[in-house]
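Q: With the sequence up front, the predicted model follows.
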Amino acid sequence: PSTNSAPISTPRRSLAAAAAQPPLRRLSWNLSLPPTARRREEVTVPDSFPKASIFPALLRVQEQINMSSSAASGSPSLKAAQLTVVNRMLALNADPPPGESASNSTGDILDSYTILPAAPAGSAHNQWKILIYDKPCRSIISPLLSVSQLRSRGVTLHLLLSSERESIPDVPAVYFVEPTRTNLAIIAQDCARGLYASAHVNFVTRLPRDLMEEFARLVVQSGSLDKIASVHDQYLDYVCLERNLFTLNKPESYVSYNNSAATESSIEAAMTEIAFGLFSVVATLGQVPVIRCPKGGAPEMVARKLNKLIADHPTLSRGKGLSGTTLQSHHRPLLVVLDRNSDLITPIQHTSTYQALIDDVLQHSANRVEFTITTEPEGGRGRAKSVNRRYDLDADEDPFYSRHKFNPFPEAIESNGAELQNVTVRTQEIKSKASGGGGGEDEASDAADADPVVSGAADLATAVDSLPALLERKRQLEVHTSILQAVMNEVAKRDVPQFYELESSLATGSYKSDLVKAKRDVLDLVTDPGKGDVEDKVRIVIVYCLATTAKSADVDEVVNGMRESLETRGSATGTHAGRGLLDREDREKLDRGLKAIEYLKKLRSMNMLTSMSDMVQEADSGSGAGGDMLSGFMARATNQATGLLSAATQKVTSMLGKIHKHHTTRVVENLADMKPGTEDEEYLYLDPKVRGGDVSVAALRNMTRAPVREVIAFTIGGGCYAEYQNLQMVANERRSVSYGSTELVDPCVFLGQLAKLA
């Protein structure tokens, strides 16, 4: 078929025709990128068909590189673009029916995460179906669509591929899985058993040629060819947690390429996986980025692999979008690839903002937070009960969380109390009006001059319209009240502000001219049995080791003092707190912490770490007393037995996250602003649209470069919410900043990875 022919949506008719071809005839098929470009491949079908070991003609692989064209209102966010691809997949990869729009009520293209299909579920354009996914793909779907939203898209059941599943022969199945040999065998077995009416197979990334041939052989040999409706490579191999936050979900990624026992082939394989994950991000956005990275190491390996993947692709390299139109290229994204080793302080140190504290002190993963609260018995009698709470957070749909996730924790507390009080008052007013009660002297006066029937009807209509939204808002605020209370309990119990303040001073160089005082202050804190848990103390020792030029003997003295204090006097939070004992869990934490410190001391002695004494740089700010203000707030708040979260009496306006730029933030700002004498002159400049990829930055100095409107900062080796929040300092009305990493780790998880390298 011609490479300009229409995209093929149901390839099995052609498969039957292919089966009737004479032996050794050369067959061709489209690897289509509907509705834009296609590329043709030819294979030889041996005369042993259908038992042939090679029969790729079974699969018309439709690579769904869903690239959203630019519009006057701006490009969609990564999460919105990913949702568009998922919506198309759930629609059996068919074009949307006439009248369905990809814009929300405000006209923002593809930037609403609750877009519903125009056709009702169960109709011809939105038929009922079953979604079957593996665990990695479930992680991709979960932040995008709730159960009710899946149902509105016709999904009646969503099941794990590895689970026991009953036959539902009259309903099509949408498979969304990784292209692994095990997954392919299960899908082929499902088809052979006739579990579902048809199978629409979607792979999260590119299906390798050898596995494609093996899958073809399995399906042909089982006689279930007619069950395969379509096979697609979706390029969605990343998890989008927020509008501008994504992760590749590669566990222990820091260990994978820093382990001394890792082989060259294993490191190469790990970097290839990361490059394919970033290719999925680029393919979803549909914009060819300019790639910047430091020379050498993991960032250059990944950047060059990604550059080649984009340059070799027939559609991306020409800047084609889903609509077939040429994308706007004068404002291309800037993709900055960085190494975790360039800044080991940020994922370790304590923080002060709401979202980052949730991730630090509570159980938090994939937008779900879990914690235990203790409830007092009624009447003061009986034993207190522990209640487990679990909430799903959505920073894009939850107004309070969206506004305050980057704010200092005390500000979030104050705002929560004020907003909750305001919503409660408005709710009572509406209920009063609906029940016929008065709304105050002014309203009574107005009502006297108006028709009472009309006034009552209007009040009732207002109540009906406003009350549900207010009650939902109140419910969300109460959820945050519960979360804030749990965070406050942990912060107060561990005296987190003291660790935060001292780490901030160390990281910003306040002790640069007085290392003796630095050692004394750190030693005093880590030997105080009433402050912090084991990991809090290990973390501040690591910051002291990395952020100062203290002698190894001084570091050893601090480490030994911490260990002796913990082993003889215990910690403030252990089960034996106050009795000078460490329980088993705390001993394991201490052992891990000491191993992590030993690993970093080894790198430090070998000069294998970038100088981190200036990892955090002070930005322009009118005030710098955030740490003291936080301590003052905490001291007062923890003494309030009641109304702890009702209101904060002092608003904190200056914290570390607001007045100091971390290493990644400074690098991104220098590259985006093209500042001379900075990383802009040192980092590699790779452009997939240029033959060979490498571009001389010196030559670009004599040219006018387009301003950077979109930045994607990606960290190999694990990222954290503190770094994500800090990066937003360089975002503004004309520039968006997205953050991604191989995985999102909290400080304790990262400590565990460091310990494994000792």
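A: On my side now, so go ahead. Numbering: from 1, shown residues only.
Q: how about low-confidence regions in the stretch 101-250 of the chain?
A: 101-118, 122, 124-125 (pLDDT under 70).
Q: hey, where'd the strands end up in it?
A: Secondary structure of the stretch 101-250 of the chain (DSSP state E, counting those that start in this stretch): strands at 129-133, 155-160, 173-177, 199-203, 228-233, 239-242, 245-247.
Q: Can you list the buried residues in stretch 563-573?
A: Residues of stretch 563-573 classed as buried by neighbour count (16 or more other C-beta atoms under 10 Å): R563, S565, L566, R569, G570, S571, A572, T573. (Glycine included, C-beta is placed from N, CA and C.)
Q: nope, stretch 176-184 is what I was after
A: Buried residues in stretch 176-184, counted by 16+ other C-beta under 10 Å: F176, V177, E178, P179, N183, L184.
Q: nearest to E242, of those residues?
A: Checking those against E242 by C-beta to C-beta gives F176 as the nearest, at 21.2 Å.
Q: so what's the closest one up against?
A: By C-beta atoms under 8 Å, 6 or more residues apart in numbering, the contact list for F176 reads M89, L131, I132, Y133, D134, C137, I140, I141, N202, V204, Q234.
Q: Pull out the buried members of these.
A: Members of these classed as buried by 16+ other C-beta under 10 Å are M89, L131, I132, Y133, D134, C137, I140, I141, N202, V204, Q234.
Q: Identify the residue nearest R165 in space, chain neighbours excluded?
A: Excluding the flanking residues, the one nearest R165 by C-beta to C-beta, 6 or more residues apart in numbering is L159, at 5.6 Å.
Q: ugh, wrong one, I meant K531
A: Once flanking residues are discounted, K531 sits nearest to D495: 4.4 Å by C-beta to C-beta, 6+ apart.
Q: what pLDDT does the one you found get?
A: What the model reports as pLDDT for D495 is 92.
Q: Would you check that it makes contact with T573?
A: No. Contact status for D495 versus T573: not in contact, 10.0 Å apart, counting by C-beta atoms under 8 Å.
Q: tell me the centre residue of this structure?
A: In the chain, the residue lying closest to the centroid (C-alpha atoms, centre = their mean) is F246, at 3.2 Å.
Q: mind listing what it touches?
A: When contacts are counted by C-beta under 8 Å, 6+ apart, F246 touches L78, K79, Y238, V239, C240, V281, S738, Y739, G740.
Q: Show me the shaky parts of the chain.
A: In the chain, residues with pLDDT under 70: 1-75, 96-118, 122, 124-125, 317-330, 378-382, 434-464, 574-580, 608-659.
Q: can you rerun that using 50?
A: Applying pLDDT under 50 to the chain picks out residues 1-73, 99, 101-114, 321-328, 439-448, 620-627, 629, 633-658.
Q: ok so, going back, which residues are in contact with each of D495 and T573?
A: Common neighbours of D495 and T573, counting by C-beta under 8 Å, 6+ apart, are G532.
Q: contacting residues for the residue nearest to C240 when sequence neighbours are not counted?
A: Nearest in space to C240, with sequence neighbours left out and distances taken as C-beta to C-beta, 6+ apart, is K79 at 4.2 Å. Each residue near K79 by C-beta under 8 Å, 6+ apart is listed here: Y113, P143, L144, C240, E242, R243, N244, F246, D396.
Q: wait, which of the residues you listed is closest to N367?
A: Checking the contacts of K79 one by one against N367 (C-beta to C-beta), the nearest turns out to be P143, at 5.6 Å.
Q: residues near the closest one, how many?
A: Using other C-beta atoms under 10 Å, the number of residues around P143 comes to 23.
Q: Please apply the same query to D210.
A: Neighbour count of D210, defined by other C-beta under 10 Å: 10.
Q: again, but for the one 5 residues further on
A: For F215, the count of nearby residues is 26 (other C-beta under 10 Å).
Q: Restrict the host helix or strand of Q82 to CA atoms and write it as CSV.
A: Assigned by DSSP states H and E, Q82 falls within helix 78-90. Written as CSV, here are the backbone C-alpha positions of helix 78-90 (Å, rounded to 0.1, in the frame of the first residue of the first chain):
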residue,chain,number,x,y,z
LEU,A,78,2.3,17.1,29.6
LYS,A,79,-0.4,15.6,31.7
ALA,A,80,-3.1,16.9,29.4
ALA,A,81,-1.3,15.6,26.4
GLN,A,82,-0.9,12.2,28.0
LEU,A,83,-4.5,12.1,28.9
THR,A,84,-5.4,12.7,25.2
VAL,A,85,-3.4,9.7,24.2
VAL,A,86,-5.1,7.5,26.9
ASN,A,87,-8.5,8.8,25.8
ARG,A,88,-7.8,7.8,22.2
MET,A,89,-6.5,4.4,23.4
LEU,A,90,-9.7,3.8,25.4
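Q: So which residues of the stretch 201-350 of the chain form helices?
A: 209-221, 253-258, 264-285, 297-312 (DSSP state H, counting those that start in this stretch).
Q: Deepest-packed of those helices, please.
A: Highest mean neighbour count of the helices of the stretch 201-350 of the chain: helix 253-258, a mean of 23 (counted as mean count of other C-beta atoms under 10 Å).
Q: That one packs against which elements?
A: In terms of contacts (3 or more C-beta pairs under 8 Å, 6 or more residues apart in numbering; DSSP states H and E), helix 253-258 is packed against helix 264-285, helix 747-756.
Q: returning to what we had before: got CSV for the helices of the stretch 201-350 of the chain, with distance to R383 too?
A: Formatted as CSV, the helices of the stretch 201-350 of the chain follow (distance: least, C-beta to C-beta, whole Å):
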stretch, distance to R383
helix 209-221, 57
helix 253-258, 43
helix 264-285, 49
helix 297-312, 53
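Q: Which one, of those, ends up nearest to L582?
A: The nearest among the helices of the stretch 201-350 of the chain, by C-beta to C-beta, is helix 253-258 at 26.3 Å.
Q: got a list of contacts for the closest one?
A: Here helix 253-258 has contacts from 250, 262, 266-267, 270-271, 274, 298, 340-341, 716-718, 742-743, 745, 750, 753-754, 756-757, using C-beta under 8 Å, 6+ apart.
Q: The same query, at a cut-off of 7 Å, please.
A: Helix 253-258 is contacted from outside by 262, 267, 270, 298, 340, 716-718, 742-743, 753, 756-757, using C-beta atoms under 7 Å, 6 or more residues apart in numbering.
Q: For the closest residue to V737 other than its chain neighbours, give me phi and psi.
A: Spatial nearest neighbour of V737, chain neighbours left out: A731 (4.2 Å); criterion: C-beta to C-beta, 6+ apart. Main-chain torsions, A731, degrees, to the nearest 10: phi -90, psi 150.
Q: Ok, the one 10 residues further on next?
A: S741 adopts backbone torsions of phi -160, psi 170, taken as degrees, to the nearest 10.
Q: List the contacts of it.
A: S741 neighbours (C-beta under 7 Å, 6+ apart): T247, F714, T715, G718, G719.
Q: ok, back up a step: got a markdown table for the contacts of F176, with distance to L546 too?
A: Shown next, in a markdown table, are the contacts of F176 (distance: C-beta to C-beta, whole Å):
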| residue | distance to L546 |
| --- | --- |
| M89 | 44 |
| L131 | 46 |
| I132 | 46 |
| Y133 | 41 |
| D134 | 39 |
| C137 | 37 |
| I140 | 34 |
| I141 | 38 |
| N202 | 44 |
| V204 | 37 |
| Q234 | 41 |
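Q: need the contact list for L594.
A: Going by C-beta under 7 Å, 6+ apart, L594 touches R563.
Q: Quick check: it vs P347, distance?
A: 19 Å (C-beta to C-beta, to the nearest Å).
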